[in-house]
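Peer 1: Sequence and predicted structure are below.
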Amino acid sequence: MKDWWLQAHEALLKTNLHRDWLGKMVQQSSVELREKTGVLFAILEHCNVPLLIFSAGIGDLIKEVLNQKCTFNKFSPGQPMIVANYLKFDEKGALKGFAKELIHTFNKHEVFSHHQTDYFIKHEGRRNVLLMGDMMGDLRMADEMKTKENVLTIGFLNSKVEVCFPQYRDSFDIVLIDDQSHDIPIAIVEAVVQSKSPSA
């Protein structure tokens with residue numbers, strides 16, 4: 001897996017990518033966020049729930065996708081935290097490499113502390129985690145959160161359903177098959193918020 005990611009990154013370095021191209025790349029792409037992503041983000045922001053996006057993708061592109069595609073952008077400072085592979089450009093905007101060590105699907109739990117040493121310390125009073133991912137390796141994304149007590153995991157299974165479902169079913173608390181929305185996460189967050197409200 002690491003070799004595959006390294007080869008992909010090496011191929012990217014050969015494209016002579018320029019920083020100014022990123023916005024146009026997203027604009028001309030077919031990339032889409034899950035339905036109601038903005039609704040989920042708005043609820044989390046309103047309820048002061050930290051949002052961490054942990055990805056093996058390109059962080060610069062993830063930010064650009066959110067800027068262009070997300071219906072909610074009124075985040076407080078530091079929200080959302082995006083940990084991913086960030087590009088390094090020279091003073092003329094030409095791609096020179098990657099800013100930090102490679103993040104791939106199966107080393108997220110190992111490298112998080114190298115990228116954001118104080119994130120879980122900042123939120124050490126938090127005890128509950130809603131963890132969502134579409135790869136088996138995503139299940140370990142919260143390993144560095146030492147204060148966690150309750151972790152609810154949601155697995156998005158989008159392909160090879162017949163082959164992968166048994167493993168996802170046995171590993172994630174909830175498995176959503178080819179579900180391109182955030183309806184279930186929103187329902188869960190709203191139920192938790194309502195249970196914590198004084199009138200509940």
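Peer 2: Noted; the coordinates are in hand. Nothing here was measured: the structure is a model prediction, and the numbers come from that model.
Peer 1: next structured bit after the helix or strand of the chain with the lowest mean pLDDT?
Peer 2: Of all helical and strand segments in the chain, the minimum by mean pLDDT, DSSP states H and E falls on helix 108-115, at a mean of 66. Downstream of helix 108-115, the next assigned helix or strand under DSSP states H and E is helix 119-122.
Peer 1: For that following helix, which outside residues touch it?
Peer 2: 52, 81, 83, 112, 144-147 (C-beta atoms under 8 Å, 6 or more residues apart in numbering). Glycine gets a C-beta too; all of them are placed from N, C-alpha and C.
Peer 1: Could I get the average pLDDT for it?
Peer 2: When pLDDT is averaged over helix 119-122, the result is 81.
Peer 1: buried ones in it?
Peer 2: 119-120 (16 or more other C-beta atoms under 10 Å).
Peer 1: Tell me which helix or strand comes right after it.
Peer 2: Following helix 119-122 in sequence order, the next helix or strand is strand 128-133 (DSSP H and E).
Peer 1: for that next one, packing partners?
Peer 2: Secondary structure elements in contact with strand 128-133, counted by 3 or more C-beta pairs under 8 Å, 6 or more residues apart in numbering; DSSP states H and E, are strand 150-157, helix 183-196.
Peer 1: now the strands for the protein?
Peer 2: 52-58, 81-85, 87-89, 95-98, 128-133, 150-157, 174-177 (DSSP state E).
Peer 1: Could you export stretch 29-44 as PDB, CA atoms only?
Peer 2: Extracted C-alpha coordinates of stretch 29-44, given in PDB (Å, rounded to 0.1, in the frame of the first residue of the first chain):
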ATOM      1  CA  SER A  29     -13.800  18.000 -12.100                       C
ATOM      2  CA  SER A  30     -16.800  15.800 -11.400                       C
ATOM      3  CA  VAL A  31     -16.000  15.600  -7.700                       C
ATOM      4  CA  GLU A  32     -19.000  15.900  -5.400                       C
ATOM      5  CA  LEU A  33     -19.500  16.000  -1.600                       C
ATOM      6  CA  ARG A  34     -22.100  13.700   0.000                       C
ATOM      7  CA  GLU A  35     -25.500  15.200   0.100                       C
ATOM      8  CA  LYS A  36     -26.200  17.400   3.100                       C
ATOM      9  CA  THR A  37     -22.500  17.700   3.900                       C
ATOM     10  CA  GLY A  38     -23.100  21.400   4.600                       C
ATOM     11  CA  VAL A  39     -26.000  20.500   6.900                       C
ATOM     12  CA  LEU A  40     -23.900  18.200   8.900                       C
ATOM     13  CA  PHE A  41     -21.100  20.700   9.200                       C
ATOM     14  CA  ALA A  42     -23.500  23.500  10.200                       C
ATOM     15  CA  ILE A  43     -24.900  21.300  13.000                       C
ATOM     16  CA  LEU A  44     -21.400  20.500  14.300                       C
END
